[in-house]
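K.L.:
take this sequence and fold it.
(one chain, ligands or ions: 1)
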Amino acid sequence: MTELKFETLIIDWPTLKDNEGNVIREGTVDGNYAVISINRPDRLNALTEQVTGEISQALRHMEVDSSVRAVVIRGVKEYTKKPAFSAGADLAAAFNPHLKPNIPMHMALAMRIRHRDYDEFEQFSKPLIAAVDGYALGGGCEIVLCCDIVIASDRSRFGLPEINRGIFPANGGVTRMAARVGINRALRIAYFGEAFDAKTMEEWGLVTWMAPAGDEFEQLVHEKAKWLGDAPTTALFVIKKCVKFGTRYTELGCIMEQLGFGVNQASFDAKEGIMAFNRKVKCPECGGKGKFEDGTKCPTCGGRRKIKDTPHFKGI
Ligand code: COA
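P.N.:
Numbers count the residues shown, from 1 in each chain. This next block holds a predicted model:
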């Protein structure tokens, strides 16, 4: 498979094998997930049309790459100035050269171009984790709002500071923030432009998990991404669509669950999950003996020598 090249991103891929099990791409990630790192550290990973366009392109590719079963978006780990997920729109960059700032319709189109990318992030069919270490402001925070799970380090700051520049968060930020933290808090965040720490955002429901910056944060991101990468991908797909879109209209969401159930029941993983529950394997703790050499009963199998198998999900 030809790999894509990006100017503003670094991508870590999982290992990709062909049908015969031959490695056709050696991965740099220990798990069935990919990592997209925004790589403009000198500008605190500020966003241009090129950056969001490249993220969209990468996600479109990952959506049909069966080795990728979850994706992490983050700022590049090796930062040069301050740790950042992204400090928002690049305030030194111009809009699309075909669009004139003094023509209102052109500016509406400029936003339509941005929304195309943000909608792509939100609708991505596999689990999307925002790993936030540092600033997640403006457009950066708006990317976070498109993700399913948010893992933040304790030195992270979230906010929509656009009001301080006479503008407002128009990449879906006002609407998605209200959906995530409620109308009152969204108004406070967008009206006053303050930045909030990860603890507050955890209390308000935007941050799913928080950890001290450094190894603990990195380990947590890996652990959760690996878990999702090993999980039954089709069931996750249905859950994601129902939670993110079905909840907009409850009756429709419930119908999506019925249709999604039909899709999922045909998957390998739905069968594997049930079969593993009924499948017994030799207890790995005592090697199938039920007890140890000193005569004590094995606590894992309780002396029964066998335990229920762990499901081996393939993502199909
Ligand atoms: N666009 C372009 N460059 C940006 C940027 C942005 N959104 N945010 C930060 N940078 C650049 C700075 O210009 C600076 O570059 P320099 O070192 O060449 O001067 C570098 O990143 C470091 O930022 P700095 O402001 O020195 O760091 P700080 O720790 O003092 O402040 C922020 C960090 C994020 C609070 C501050 O940079 C800021 O307010 N950025 C703009 C955030 C914003 O309004 N985003 C929404 C845009 S609509």
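
K.L.:
so what's residue 31 up against?
P.N.:
Shown in contact with residue 31 (C-beta atoms under 8 Å, 6 or more residues apart in numbering): 14, 222, 225-226, 229-230. Just so you know, the C-beta spots here come from the backbone N, C-alpha and C atoms, and that holds for glycine as well.

K.L.:
so which of those residues are in helices?
P.N.:
Within those, residues falling in helices by DSSP state H are 222, 225-226, 229-230.

K.L.:
any chance of those residues in TSV with neighbour count and distance to residue 40 as columns?
P.N.:
Formatted as TSV, the ones in helices among the contacts of residue 31 follow (neighbours: other C-beta atoms under 10 Å; distance: C-beta to C-beta, whole Å):
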residue	neighbour count	distance to residue 40
222	17	24
225	25	23
226	18	27
229	25	27
230	19	32
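
K.L.:
in the residues you listed, find the pair that's most separated.
P.N.:
Across these, the longest distance by C-beta to C-beta is 12.2 Å; it joins 222 and 230.

K.L.:
about what we covered before: and the contacts of residue 31, which is closest to residue 107?
P.N.:
Distance to residue 107 across the contacts of residue 31 (C-beta to C-beta) is lowest for residue 225, with 37.1 Å.

K.L.:
contacting residues around the closest one?
P.N.:
Each residue near residue 225 by C-beta under 8 Å, 6+ apart is listed here: 31, 33, 35, 70, 72, 129.

K.L.:
now which of those residues would you call buried?
P.N.:
Buried residues within the contacts of residue 225, defined by neighbour count using 16 or more other C-beta atoms under 10 Å: 31, 33, 35, 70, 72, 129.

K.L.:
okay, now the residue of the stretch 201-316 of the chain found nearest the ligand: neighbour count?
P.N.:
Here the residue of the stretch 201-316 of the chain nearest the ligand is residue 213; by C-beta to the nearest ligand atom that distance is 15.3 Å. Residues near residue 213, counting by other C-beta atoms under 10 Å, number 16.

K.L.:
which residues does the spatially closest residue to it that is not a sequence neighbour bridge with?
P.N.:
Closest residue to residue 213 apart from its sequence neighbours, by C-beta to C-beta, 6 or more residues apart in numbering: residue 153 at 3.8 Å. Note on residue 153: beta-bridge partners by DSSP bridges are residue 211.

K.L.:
give the contact list for residue 153.
P.N.:
The neighbours of residue 153, taking C-beta under 8 Å, 6+ apart as the test, are 83, 132-134, 198, 210-214, 217.

K.L.:
compare those and tell me which is most surrounded.
P.N.:
With neighbours taken as other C-beta under 10 Å, the top of the contacts of residue 153 is residue 132, carrying 34 neighbours.

K.L.:
before we move on, the earlier item: how close does the residue nearest to residue 213 get to the ligand?
P.N.:
Separation of residue 153 from the ligand (C-beta to the nearest ligand atom, to the nearest Å) stands at 16 Å.

K.L.:
strands along the stretch 201-316 of the chain, start to end?
P.N.:
All strands of the stretch 201-316 of the chain, identified by DSSP state E, counting those that start in this stretch, fall at 209-211, 280-282, 306-308.

K.L.:
save the ones you listed as CSV, and put in mean pLDDT and distance to residue 234 too.
P.N.:
Output for these, formatted as CSV (pLDDT from 0 to 100; distance: least, C-beta to C-beta, whole Å):
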stretch, mean pLDDT, distance to residue 234
strand 209-211, 98, 25
strand 280-282, 93, 24
strand 306-308, 93, 22
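
K.L.:
ranking those by burial, who's on top?
P.N.:
strand 209-211 (a mean of 18; mean count of other C-beta atoms under 10 Å).

K.L.:
helices or strands up against it?
P.N.:
strand 149-153, helix 198-203, helix 215-230 (3 or more C-beta pairs under 8 Å, 6 or more residues apart in numbering; DSSP states H and E).

K.L.:
the first one relative to helix 215-230, how many degrees between them?
P.N.:
Interaxial angle of strand 149-153 relative to helix 215-230 (axes from the mean of the first three to the mean of the last three C-alpha atoms, to 10 degrees): 160 degrees.

K.L.:
quick one: name the residues of the stretch 51-200 of the chain near the ligand.
P.N.:
Counting by C-beta under 6 Å from any ligand atom, the stretch 51-200 of the chain comes close to the ligand at 81-82, 87-92, 135, 137-138, 161-162, 165.

K.L.:
switch the cut-off to 5 Å
P.N.:
Within the stretch 51-200 of the chain, the positions adjacent to the ligand are 81-82, 87-91, 135, 137-138, 161-162 by C-beta under 5 Å from any ligand atom.
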